[in-house]
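Undergrad: Model the structure of this input:
(one chain, ligands or ions: 1)
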Amino acid sequence: MSKRRRHRFIQIGTGGWGREWCYEFLPGLVRSGRLEPAAAVDVRRAHLKNAVEGYGIERDLCFTDAQEAFDTVDADFVILVTPPDQREQYVEMACRCGLDILSEKPVADTMEGCVRIHRMVKKARRKMGVTMSHRFDQDQQSLQSLVKSGRLGALGAVIGRFTDSRGRSGGYPMKRVVEEVLLIHGSVHHFDILRALSQSNAARVFARTWNPPGVDMPGKTSAFVVVEMENGVLCQYEGAFANAATLNGWEHEYFRAECENGTAIIDNRQLTVLRGGHTGTWEVERVPLLQRPMWMNEWLTEQFLNWREGGAKSKMETSIDDNMQCNALLFAAVESAESGQPVEVQEFLRRHLETVRE
Ligand SMILES: NC(=O)c1ccc[n+]([C@@H]2O[C@H](COP(=O)([O-])OP(=O)(O)OC[C@H]3O[C@@H](n4cnc5c(N)ncnc54)[C@H](O)[C@@H]3O)[C@@H](O)[C@H]2O)c1
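TA: Numbering: from 1, shown residues only. Predicted coordinates for the structure are as follows:
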């Protein structure tokens, strides 16, 4: 039987998306007594006010130097909401101090970084979870549950679309330095949804990325990607940060599961199953979305706490072990976009596991 207790955390990165953690994702779990903020860290002092206001944490438990926080407070785990190229050092600190880790995605900005992080965590025998939040949103969970139920028969193919308009996702200034900005910061979520829907890891991937006319950014903001899963399910994905119009923005993505006995579509949070249509009319079934008390980051944090309390059997779905397959698909897609060639994903992962040094 799992034992409920208070888990003390240090949050590193309290501005940008970290602000949402402070005000939206965690206050409920803090109020419920399951979580207790031990310290907050951000290199920009002004961003620490989000932790003070969101969690009610004392100012003297807010630090601009993470090592000082680790040395000052007792904690059980860290939450990493820094940009992905600013995580390895903190995973190393957490492992050295015997703390578990809950991290934003992607775990690192390169496959090499992901492998080093995975290795550090395994060596230190710590637990690490990754917040693949969109896979755990209400709309996507409803489609995944329908497909997994088997009610529509065998799944053959998945088609996904995330297309946002310029000035929103395309406007993230800090992310412009990353060449494959869409794949690394956006599509990583959708790749994980493809894995969840197909219930398989990727066998091979082919990606083309580009910028639409009029978008003057160094990073590539559009992508077409084809993924063949190990179980034979075929996936086709379209992504864009900076189109002229948003069709399926964040939390409104389109995914279509082509199953034996029905075409299931989640589109702008409406779940529908279609059949027939050759005579001009479809048989249309509207499927209500699943209900539960929390979704996305809050639910993933709860899963992480359950895992911390319950041992191996309660391991969260998006543990670092599982997430390495998502990272492999992501960075194999990046390699494909760069080389113009399809990439064998499992061979790509093996090569990195064998060759990356500490
Ligand atoms: N829906 C989602 O899942 C979602 C949405 C947005 C961002 N994210 C993820 O959240 C993470 C942060 O993204 P962001 O857009 O907030 O980035 P950001 O550049 O705004 O940085 C977040 C915070 O980290 C701080 N920071 C930067 N480097 C640091 C360091 N070395 N040590 C301590 N603090 C540091 C910054 O000052 C800032 O307050 C990324 O991994 C991103 O992919 C996820």
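
Undergrad: Just give me the longest helix of the chain.
TA: Ranked by number of residues, the top helix in the chain under DSSP state H is helix 320-339.

Undergrad: Just give me how far it sits from the chain centre.
TA: 13 Å (Cα atoms, centre = their mean, to the nearest Å).

Undergrad: what comes up buried for it?
TA: Residues 320, 322-337 are the ones in helix 320-339 that count as buried (16 or more other Cβ atoms under 10 Å). The C-beta positions use only the backbone N, C-alpha and C, and glycine is treated the same way.

Undergrad: Give the burial count for whatever residue of the stretch 101-250 of the chain ends up closest to the ligand, as a bare number.
TA: At 3.8 Å from the ligand, residue 104 is the closest residue in the stretch 101-250 of the chain, using Cβ to the nearest ligand atom. By the measure other Cβ atoms under 10 Å, the count of residues near residue 104 is 21.

Undergrad: my read: it touches residue 17, true?
TA: Yes. Counting by Cβ atoms under 8 Å, residue 104 does reach residue 17; the two are 6.7 Å apart.

Undergrad: Give the intersection of the neighbour lists for the two.
TA: Counting by Cβ atoms under 8 Å, 6 or more residues apart in numbering, the common neighbours of residue 104 and residue 17 are residue 81.

Undergrad: Stretch 53-68: which residues count as buried?
TA: For stretch 53-68, a neighbour-count test (16+ other Cβ under 10 Å) marks 54, 55, 57, 61, 62, 63, 66 as buried.

Undergrad: ok, back up a step: tell me the spatial nearest neighbour of the residue of the stretch 101-250 of the chain closest to the ligand, not counting adjacent residues.
TA: residue 81 (5.1 Å; Cβ to Cβ, 6 or more residues apart in numbering).

Undergrad: per-residue confidence at the one you found?
TA: Looking at residue 81, its pLDDT is 97.

Undergrad: cool, residue 170 as well?
TA: At residue 170, pLDDT is 46.

Undergrad: Likewise for residue 37?
TA: 97.

Undergrad: which stretches of this protein have low pLDDT?
TA: 1-4, 167-177 (pLDDT under 70).

Undergrad: How about the residues of the chain by the ligand?
TA: Proximity of the chain to the ligand, by Cβ under 6 Å from any ligand atom, involves residues 12-18, 41-44, 47, 81-84, 86, 104-105, 133, 174, 185.

Undergrad: where do the helices sit along the stretch 151-300 of the chain?
TA: In the stretch 151-300 of the chain, the segments counted as helices under DSSP state H, counting those that start in this stretch are 181-182, 188-198, 296-310.

Undergrad: how about those helices in a markdown table, adding mean neighbour count and distance to residue 115?
TA: Below are the helices of the stretch 151-300 of the chain laid out as a markdown table (neighbours: other Cβ atoms under 10 Å; distance: least, Cβ to Cβ, whole Å):
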| stretch | mean neighbour count | distance to residue 115 |
| --- | --- | --- |
| helix 181-182 | 26 | 22 |
| helix 188-198 | 25 | 16 |
| helix 296-310 | 20 | 22 |
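
Undergrad: could these go into CSV alongside distance to residue 279?
TA: Output for the helices of the stretch 151-300 of the chain, formatted as CSV (distance: least, Cβ to Cβ, whole Å):
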stretch, distance to residue 279
helix 181-182, 39
helix 188-198, 29
helix 296-310, 40
